[in-house]
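here's a sequence, model it:
(chains A and B)
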Number of protein chains: 2
Amino acid sequence: MNLATAPSTVDSLDTPCLLLDETRMTRNIERLNALMAGHGVQLRPHLKTPKSIEVARRLMSTPQGPAAVSTLQEAEQFAAAGVTDLLYAVGVSPAKLERVLALRRRGVDLTVVVDSIDAALAVARRAREAGDAIPALIEIDCDGHRAGVQPGNTEQLLAIARALHNEGACLRGVMTHAGESYGCDSVEAIADMAEQERLAAVGCAEAIRAAGLPCPVVSVGSTPTAHFARSLEGVTEVRAGVYVFFDLVMAGLGVCAVDDIAASVLTTVIGHQPDKGWILVDAGWMAMSRDRGTARQRVDQLYGLVCDADGKVYPDVLLAETNQEQGIIKVRPGSGAVLPDLPLGAKLRIVPNHACATCAQHDAYEVVRRGSPDIVAHWERFRGW
Amino acid sequence: MNLATAPSTVDSLDTPCLLLDETRMTRNIERLNALMAGHGVQLRPHLKTPKSIEVARRLMSTPQGPAAVSTLQEAEQFAAAGVTDLLYAVGVSPAKLERVLALRRRGVDLTVVVDSIDAALAVARRAREAGDAIPALIEIDCDGHRAGVQPGNTEQLLAIARALHNEGACLRGVMTHAGESYGCDSVEAIADMAEQERLAAVGCAEAIRAAGLPCPVVSVGSTPTAHFARSLEGVTEVRAGVYVFFDLVMAGLGVCAVDDIAASVLTTVIGHQPDKGWILVDAGWMAMSRDRGTARQRVDQLYGLVCDADGKVYPDVLLAETNQEQGIIKVRPGSGAVLPDLPLGAKLRIVPNHACATCAQHDAYEVVRRGSPDIVAHWERFRGW
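Prediction:
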């Protein structure tokens, strides 16, 4: 989009494009901030969802951070915008340490993550060579979801801790992520998962400290567990990302309401197949992503929930199928819903399954506020690695 | 990537990134060119797959085209690079006509697609106002897959044709796309689908001509049907896109071999969960896309087939699960395959389900040639709408 001719209302935007409802976003941010203040725990927002400095500034407790990132590209972009307290929350490979060191030389307190002795030794040795004790967290596998040391495996945990501490890195603590919380079927189950996540991290931190090693940071988090944790005792920081926008997966989990979802794709009606009960729109999988996270939930929202141009949901009207640049809107079978009468050229918003994936298909947010068609800002996103 | 310090071999690339094997790509291009030459039919390559002028120049029969695009952003980018014969192969919405007219004023012979009287009238009236008879194809729905006039609905077909012809547009012909060919279970079924596609388009063209209206263009195509059509009699051009790179969906259909797939994602081992039989890599769904096209096929390749850094397949070793920036490699259950012994930092290539979707996650191709680790070129991609 040419900013010199930036459109001033939703109706004048080229489609498909990404809308961000700032009113809803602000409410989402304030909600988790209040929860964390109640726990007395620092929030470290994960910036992999927004990938935008404008959104990051609204998420972070200070312009310098703290924040988490999922790529070094994010770290470099946010560092360039003045963020200095960053956790690169994905296991680091040895080849990536040069970019880590370069960022640290620029004054960024960038922490890395390891979950093996090999990785710990690679970090520690490169740190010693470079004369910079790179800080590292040890990843703990609290739920079998992904990477990390098994919570009961104290031998491996301490071997990694000693490799970091003795060989030249800075042993900063432990981190874990309850990725399995996305598969919970009740708020109670999420709260149980939050406790499992906490106990895994705190237990490992205690084991490290009992061995006479430092463990100042105990970092946990996922959007579901962050919202329903009963206790964060022993935890020093919580990470969460998708809560800034929320999405249909989070609504399906009961973490938010559909009405809280701040990101949507604006699309235009490009055709009809009345005999089939279809409306065709210009949002295909390129605009929505192929993410179908709700397919595993009780209510499958297919490629997304259809709203009018102002964001009002048409109940049980779904983006049912997608081609690269075309989507097919249908009513949910058996719902009794009626396809709305929408002429060629009508604009709609599609609420996505997974905000991280859908937003990643776009280069910018067109920012709106609740109840107004005005575009109040155009915030760029970045991408890549 | 900073071009001033562009790496010279696969081993020195930052991961994840997109590799393009130029040797395989050239073979894929030559194969379809030869098939089309045998039929005596013009190929109009679909540039939505590569979104790169360097690749487009190798695909097109002349530097000016012809070619097809799926967005006006593609049309604008390729026009800026000198392509002047373009089909915007997605039903046009009235608001997009201003960008269509702007391209046409710059000398681009850009054709649009309509499938309703409303759309035809919108195009024709705007064309008349602008004093530019925008050429349009009428989309035919040959297989119930997407948009288009039903082949038997001659009344609607002729009403659209007359609306274009009489109200100010240029009725250029008909187009159809056998999207259902992606669901065929044999080469014979693809050939049958190609014949169905041809008959739908040719039949509609004949109906238009019998009504005394012009129909110079009869455009058909999908990568599967383009490769297995028994006859293209009456067809004036064939469109195909994904054949330039191929992918696991096309291999599963029998359109190509895995060894023909030219696009892959280079990734690095970032961890191991030996008790679970997992290798973790830095290619998650951000690098691969969420596309799981092979889930509907006889052999589900999950998120992709794992190869060594030179591109040699590890049989039945798959990228089984993905998070945003992490992937989990496992052996196919029941296959008897053994997980390769790959240390932290080892590089791998992942062959994707769907080249269009995976390539869209990246901003450039790192170009290699078969059997050599050298990066011979860095070709940028574009995106957006």
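
how about the residues of the stretch 201-350 of chain A that lie near chain B?
Proximity of the stretch 201-350 of chain A to chain B (C-beta under 8 Å from any C-beta of the partner chain) is limited to residues A:268-273, A:275-276, A:280, A:282, A:285-287, A:289-292, A:323-326, A:328, A:343-345. For the C-beta atoms, the positions are set from N, CA and C on the backbone; glycine is no exception.

and these, which of them are in helices?
A:285-287 (DSSP state H).

could those go into a markdown table alongside pLDDT?
Formatted as a markdown table, these follow (pLDDT from 0 to 100):
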| residue | pLDDT |
| --- | --- |
| A:W285 | 98 |
| A:M286 | 98 |
| A:A287 | 98 |
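
top of the residues you listed by neighbour count?
Among these, A:A287 has the most neighbours (other C-beta atoms under 10 Å in any protein chain shown), with 30 neighbours.

just give me the neighbour total for the closest residue in space to that residue that isn't next to it in sequence.
Leaving aside its sequence neighbours, A:A287 sits nearest to A:P16 (C-beta to C-beta, 6 or more residues apart in numbering or on different chains; 3.8 Å). Residues lying near A:P16 (other C-beta under 10 Å) number 25.

what does A:E233 give?
Neighbourhood size, A:E233 [other C-beta under 10 Å]: 12.

helices along the stretch 101-250 of chain A, start to end?
A:117-130, A:154-167, A:187-210, A:223-228, A:248-253 (DSSP state H, counting those that start in this stretch).

off-centre distance for the first one?
What that stands for is helix A:117-130. 29 Å (C-alpha atoms, centre = their mean, to the nearest Å).

give me the buried subset of the residues of the stretch 201-350 of chain A next to chain B.
With burial judged by 16 or more other C-beta atoms under 10 Å in any protein chain shown, the buried subset of those is A:268-273, A:280, A:282, A:285-287, A:289-292, A:323-326, A:328, A:344.

just the ones of these in strands?
A:268-273, A:280, A:328 (DSSP state E).

quick one: which two of the residues you listed are the most distant?
Largest separation among those by C-beta to C-beta: A:T268 and A:Q273, giving 16.3 Å.

nearest residue to whatever residue of the stretch 251-385 of chain A ends up closest to chain B other than its sequence neighbours?
Nearest residue of the stretch 251-385 of chain A to chain B (C-beta to the nearest C-beta) works out as A:R290 at 3.7 Å. Spatial nearest neighbour of A:R290, chain neighbours left out: B:R290 (3.7 Å); criterion: C-beta to C-beta, 6+ apart.

quick one: the one you found and A:R292 touch, right?
Yes: with contact defined as C-beta atoms under 8 Å, B:R290 counts as touching A:R292 (7.2 Å).

show me what contacts A:L19?
For A:L19, the contact set (C-beta atoms under 8 Å, 6 or more residues apart in numbering or on different chains) comprises A:10, A:263-266, A:349, A:365-368.

check it and give its pLDDT.
Looking at A:L19, its pLDDT reads 98.

and what of A:P274?
A:P274 is assigned 94 on the pLDDT scale.

how many neighbours does it have?
9.

separation between it and A:L253?
For A:P274, the distance to A:L253 equals 36 Å [C-beta to C-beta, to the nearest Å].

ok, A:P63 next?
32 Å.

which one's more surrounded, these two?
A:L253 (25 against 12).

and the residue of chain A most remote from its centre, how far from A:P50?
Taking C-alpha atoms, centre = their mean, the residue of chain A most remote from its mean C-alpha position is A:D275, at 40.0 Å. Distance, A:D275 to A:P50, using C-beta to C-beta: 42 Å.

do the same with A:R332
Applying C-beta to C-beta, the value for A:R332 to A:P50 is 30 Å.

more crowded one of these two?
With neighbours defined as other C-beta under 10 Å, A:R332 and A:P50 compare such that A:P50 has more, 27 against 17.

so who does A:T322 touch?
For A:T322, the contacting residues are A:283-285, A:288, A:290, A:303, A:328, by C-beta under 8 Å, 6+ apart.

what's the most distant pair in those?
Most distant of the contacts of A:T322, by C-beta to C-beta, are A:R290 and A:I328, 14.8 Å apart.

burial count for the residue nearest to A:T84 when sequence neighbours are not counted?
The shortest distance from A:T84 to any non-neighbouring residue, by C-beta to C-beta, 6+ apart, is to A:Q64 (4.5 Å). Residues near A:Q64, counting by other C-beta under 10 Å, number 14.

ramachandran angles for A:Q64?
Main-chain torsions, A:Q64, degrees, to the nearest 10: phi -90, psi -10.

now A:G221
phi 140, psi 150.

follow-up on the earlier one: from the contacts of A:T322, which is closest to B:L319?
Proximity of the contacts of A:T322 to B:L319 (C-beta to C-beta) peaks at A:R290, which lies at 14.7 Å.

my read: that closest one touches B:S289, true?
Yes: taking C-beta under 8 Å as the definition, A:R290 is a contact partner of B:S289 at 5.8 Å.

what touches both of these two?
Contact criterion C-beta under 8 Å, 6+ apart; residues shared by A:R290 and B:S289: B:A357.

how is chain A partitioned into domains?
According to automatic domain parsing, chain A comprises the domains A:47-240, A:258-380.

can I get the ones you listed in TSV with distance to B:R104?
Below are the domains of chain A laid out as TSV (distance: least, C-beta to C-beta, whole Å):
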stretch	distance to B:R104
domain A:47-240	35
domain A:258-380	20
